[in-house]
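no sequence on this one, just coordinates:
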């Protein structure tokens, strides 16, 4: 098979698409090379359609290989396991823009796999995966209305940059992932360091221009390497069925749609659907499988017509009206910080936990990040929508929503030096009728403020929607579930009073222009300010004190050369401190950084302060003239050794124990006694000579001897007798 390659410029650097060398049995296979990043993307469609379903079965996988960055997987198994959080997010980035471009009624399974073979952190494997998926589908025989392009946009020194390098990303105020066709933007995912709506809009349009250049390169590649598209079966209803459904159910669905309560509305719609399905199944027995899709399409038309023509939303609100909001904090007594945010029939409870820096999440992946100090997790139990179901681990949607909420709050989280804690936020969705991820943003802000975390500013989020047809368009503020499912856009925007911190957008139609984006961003800003006012009315600023149940972390800085003194041989010294300050089963956590910064996390401030004192004593130098209260550690016939600081001993010569003559050291002190001493001398060998006599009053009537004691200090303590000959080693014959 011929190997075909095409080169084009992306972000000022060469990208190469290649097919015909790897994975030749797939419907479409493309190797994307960008710098030293290499990604193999394959697209395969099943030979037969899946029966009995009313959705398109598309699966996208992003397969990380740790050999791509020269790593061996951690743990005992030493091989890649289930996909990492980053891999799941990357797969979602690819899925969202390509899904709308498959034909209506297409029911064959399609599996897109991006295998990451080599990673150069200056060239994003996520971008390569998205472009590779577009190229693989475009050259395959699978029906696909592409190609699409994808690009990352950064904002470095106030300049927009396409596909920033690793160094540029570290300085960027924006990470914007954008994908679309030549005519329209289909997907936006962004995290930002509080930038304005105008800056975000310019970045989106800048990215779309780059996308057009990428699509031109893929189109050339498709011309050279593309296969003819195969006629796959498409399950679409016949016009008679559509007309019969309209006559039987349109008015009933309109009446049911205007029920304001979600559960009651869904119940009434289900009754209409059930009744109509039974009637239509008798008339069109060969079309039974497509009846649910017909009724869903009819409901979509009913809802959209009411919004555009009459300005009526399913719950009776105006186009820019926000549902009733309730804000509570401190609802869980033992938790470090809690926020309960309710907007209409969507409710998020966020709990915050503070921990020492050693609690950071370690990341075993292909990215540059090796640990995460701030974590945000999102849970969506089935009872949130009044349903029963299994409670398993987080699915892709939950991981994506948690990442979005976390990204929205990250710019306002204090730095490690400002707030040396690990933070974990968990948002549990207790009710859901649209925009639960943005409710999580609001609940998480409340939890942080309730917990006393000094965030830079409160953050709120809102979801915008769009309904557009030939008769007009309507941009909706605070969309609910029905408007999300049946509308043309889901546009989530989060930020502070000053600017945007996160965006996520999925668009189902072509023709999203600058005017629509501008209006949507402005409506989102107004809604965000409204919600922030509601939140500030309950808790205007972060609490001044942490929860009594939160650990207390103190910081001390020492000379890095003295770290070994704190740790001790085999960790003996540090373990001794930990045991000495244990309170029940609660131990202190001592985290030592290479630069000499030490973080002490304890059950309360008193214990933490005690540990700080112990560390300072360990690294403190003994000074001549200073007075210490030490512990007698051992006795010799010539004096007593006293520990003046941890690990630092000095000698009180027998002549320095008292003013009067002392015959035996044991007559004055014993091991374990506390003795106040003054440092008299530190000799050239670093030996410390101490005096206790200088600190006690002279006995009444005592007359000191005129004879000066010549034997003061370590040298006078040497026992009499023959000296040990110096060992000079073997003699050498000089003859």
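Sure thing, it's come through. None of the values given here were measured: they were computed from a predicted structure.

In the stretch 501-650 of the chain, mark out all the strands, start to finish.
552-557, 589-592, 597-602, 627-636, 639-645, 648-653 (DSSP state E, counting those that start in this stretch).

could you dump those to JSON lines with distance to residue 284?
Using the backbone N, CA and C atoms, a C-beta is placed for each residue, glycine as well. JSON lines is the format used below for the strands of the stretch 501-650 of the chain (distance: least, Cβ to Cβ, whole Å):
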{"stretch": "strand 552-557", "distance to residue 284": "69"}
{"stretch": "strand 589-592", "distance to residue 284": "68"}
{"stretch": "strand 597-602", "distance to residue 284": "68"}
{"stretch": "strand 627-636", "distance to residue 284": "95"}
{"stretch": "strand 639-645", "distance to residue 284": "92"}
{"stretch": "strand 648-653", "distance to residue 284": "94"}
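
Rebuild these as a markdown table, extending it with mean neighbour count and mean pLDDT.
Shown next, in a markdown table, are those (neighbours: other Cβ atoms under 10 Å; pLDDT from 0 to 100):
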| stretch | mean neighbour count | mean pLDDT |
| --- | --- | --- |
| strand 552-557 | 16 | 91 |
| strand 589-592 | 19 | 92 |
| strand 597-602 | 22 | 92 |
| strand 627-636 | 15 | 93 |
| strand 639-645 | 22 | 93 |
| strand 648-653 | 23 | 92 |
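
Which stretch among the ones you listed approaches residue 683 most closely?
strand 648-653 (10.6 Å; Cβ to Cβ).

just how off-centre is the closest one within its chain?
Centroid separation for strand 648-653 versus its chain: 53 Å, with Cα atoms, centre = their mean, to the nearest Å.

try stretch 288-299
Distance, centroid of stretch 288-299 to centroid of chain: 40 Å (Cα atoms, centre = their mean).

average pLDDT for that stretch?
The pLDDT scores in stretch 288-299 average 87.

Buried residues, that stretch. List them.
290-291, 293-295, 297-299 (16 or more other Cβ atoms under 10 Å).

so where is this protein shaky, pLDDT-wise?
Filtered on pLDDT under 70, the chain yields the residue ranges 511, 705-735.

now the helices for it?
All helices of the chain, identified by DSSP state H, fall at 85-98, 125-139, 166-171, 197-225, 239-257, 262-283, 291-310, 396-409, 436-450, 481-486, 514-538, 563-567, 572-580, 605-619.

ok now do the most centrally placed residue in the chain, which residues does it touch?
By Cα atoms, centre = their mean, the chain has its centre lying nearest to residue 375, at 4.6 Å. By Cβ atoms under 8 Å, 6 or more residues apart in numbering, residue 375 lies in contact with 361, 406, 422-425.

Same question for residue 389.
residue 382.

follow-up on the earlier one: which of the contacts of residue 375 sits closest to residue 169?
For the contacts of residue 375, the nearest to residue 169 is residue 406 (17.6 Å; Cβ to Cβ).

Find the nearest non-adjacent residue to the closest one, please.
Spatial nearest neighbour of residue 406, excluding adjacent residues (Cβ to Cβ, 6 or more residues apart in numbering): residue 376 at 3.1 Å.

Surely the one you found touches residue 399?
No - using Cβ atoms under 8 Å, residue 376 is not in contact with residue 399, being 10.6 Å away.

so what sits against both of the two?
In contact with both residue 376 and residue 399: no residue, using Cβ under 8 Å, 6+ apart.

Looking at those two, which is more packed in?
Taking other Cβ atoms under 10 Å, residue 376 and residue 399 do not tie; residue 376 has more neighbours (26 against 21).

Neighbour count and distance to residue 162 for the contacts of residue 375 - can I get that in TSV?
Output for these, formatted as TSV (neighbours: other Cβ atoms under 10 Å; distance: Cβ to Cβ, whole Å):
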residue	neighbour count	distance to residue 162
361	14	31
406	23	25
422	21	35
423	25	33
424	19	35
425	28	33
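
Now for these: which two are most distant?
Going by Cβ to Cβ, the pair spanning the contacts of residue 375 furthest: 406 and 422, at 13.6 Å.

Next, show the common contact partners of the two.
Contacts common to residue 406 and residue 422, judged by Cβ under 8 Å, 6+ apart, are 374-375.

And the contacts of residue 375, which is closest to residue 172?
Among the contacts of residue 375, and counting by Cβ to Cβ, the member closest to residue 172 is residue 406, at 17.9 Å.

Any idea what residue 178 is bridged to?
Beta-bridge pairing for residue 178 (DSSP bridges): residue 151, residue 188.

In this structure it contacts residue 187, no?
Yes - here residue 178 reaches residue 187: they are 6.9 Å apart, a contact under Cβ under 8 Å.

of these two, who's got more company?
Applying other Cβ under 10 Å to residue 178 and residue 187 shows that residue 178 carries more neighbours, namely 27 against 24.

what sits against the more buried one?
So residue 178 contacts 150-153, 185, 187-189, 204, 207-208, 211 (Cβ under 8 Å, 6+ apart).

Looking at the contacts of residue 375, which is nearest residue 12?
Looking across the contacts of residue 375 and measuring by Cβ to Cβ, the closest to residue 12 is residue 406, at 31.1 Å.

Hmm, residue 374 and that closest one touching each other?
Yes - using Cβ under 8 Å, residue 406 makes contact with residue 374 at a distance of 7.1 Å.

Could you tell me which strands sit next to the longest strand along the chain in the sheet, and their orientation?
Criterion DSSP state E: the longest strand present in the chain is strand 37-49. Using DSSP bridges, strand 37-49 pairs in its sheet with strand 28-34 (antiparallel), strand 108-118 (antiparallel).

related to what we said a few turns ago, and the buried residues of stretch 288-299, which two are furthest apart?
Pairwise distances across the buried residues of stretch 288-299 peak at 14.8 Å for 290 and 299 (criterion: Cβ to Cβ).

Let me know how buried the residue nearest to residue 342 when sequence neighbours are not counted is, in neighbour terms.
Computed as Cβ to Cβ, 6+ apart, the closest residue to residue 342 that is not its neighbour in sequence is residue 326, at 4.1 Å. Counted with other Cβ under 10 Å, the neighbours of residue 326 add up to 12.

Now do the contacts for residue 326.
Per Cβ under 8 Å, 6+ apart, neighbours of residue 326: 340-343.

so which of the residues you listed comes closest to residue 567?
residue 340 (44.2 Å).

Quick check: that closest one touching residue 447?
No - if you go by Cβ under 8 Å, residue 340 and residue 447 don't touch, sitting 9.1 Å apart.

the more surrounded of these two?
residue 447 (31 against 22).

What's the separation between the more buried one and residue 437?
Distance of residue 447 to residue 437, computed by Cβ to Cβ, to the nearest Å: 15 Å.

what do you get for residue 239?
The value you get for residue 239 to residue 437, if Cβ to Cβ is used, is 39 Å.

what does residue 699 give?
81 Å.

Comparing those two, which residue is more hemmed in?
residue 437 (27 against 9).

show me the contacts for residue 626.
Counted by Cβ under 8 Å, 6+ apart, residue 626 has contacts 678-679.
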